[in-house]
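Chemist: have a look at this prediction, sequence included:
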Amino acid sequence: MRRKIKMVAASKSKQQQSELPPFDDDVAMKQHLKSWAYAVASHAISHF
């Protein structure tokens, strides 16, 4: 069950990653970068 949840989360994060916000939208870009940083940190922690 846990593996299925991770796969669904990974699938959703891939969809979100492909949608880069406009560069002139500071708020959206900041949120995108926060989301990306969280995903990277979560991935790194889960592999240690």
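Modeler: Now that the structure is in, tell me what you want to look at.

Chemist: hey, let's count contacts and neighbours off CA atoms from now on
Modeler: Will do.

Chemist: find the helix or strand that H43 is a member of.
Modeler: When secondary structure is defined by DSSP states H and E, H43 falls within helix 26-46.

Chemist: any stretches of this structure with poor pLDDT?
Modeler: When residues are selected by pLDDT under 70, those of the chain lie in 1-18, 48.

Chemist: so how far is L20 from S35?
Modeler: S35 sits at a distance of 12 Å from L20 (criterion: C-alpha to C-alpha, to the nearest Å).

Chemist: among the two, which residue is more densely surrounded?
Modeler: S35 (15 against 11; other C-alpha atoms under 10 Å).

Chemist: any idea how far H43 is from that one?
Modeler: Going from S35 to H43 by C-alpha to C-alpha gives 12 Å.

Chemist: now do D25
Modeler: Distance, D25 to H43, using C-alpha to C-alpha: 27 Å.

Chemist: who's more crowded, the two?
Modeler: The residue with more neighbours, out of D25 and H43, is H43; 12 against 9, by other C-alpha under 10 Å.

Chemist: any idea how far that one lies from A37?
Modeler: Distance from H43 to A37, by C-alpha to C-alpha: 10 Å.

Chemist: likewise for D25?
Modeler: Summarising the geometry, the distance separating D25 from A37, computed by C-alpha to C-alpha, is 18 Å.

Chemist: do the same with I45
Modeler: Where A37 is concerned, I45 sits at a distance of 12 Å (C-alpha to C-alpha).
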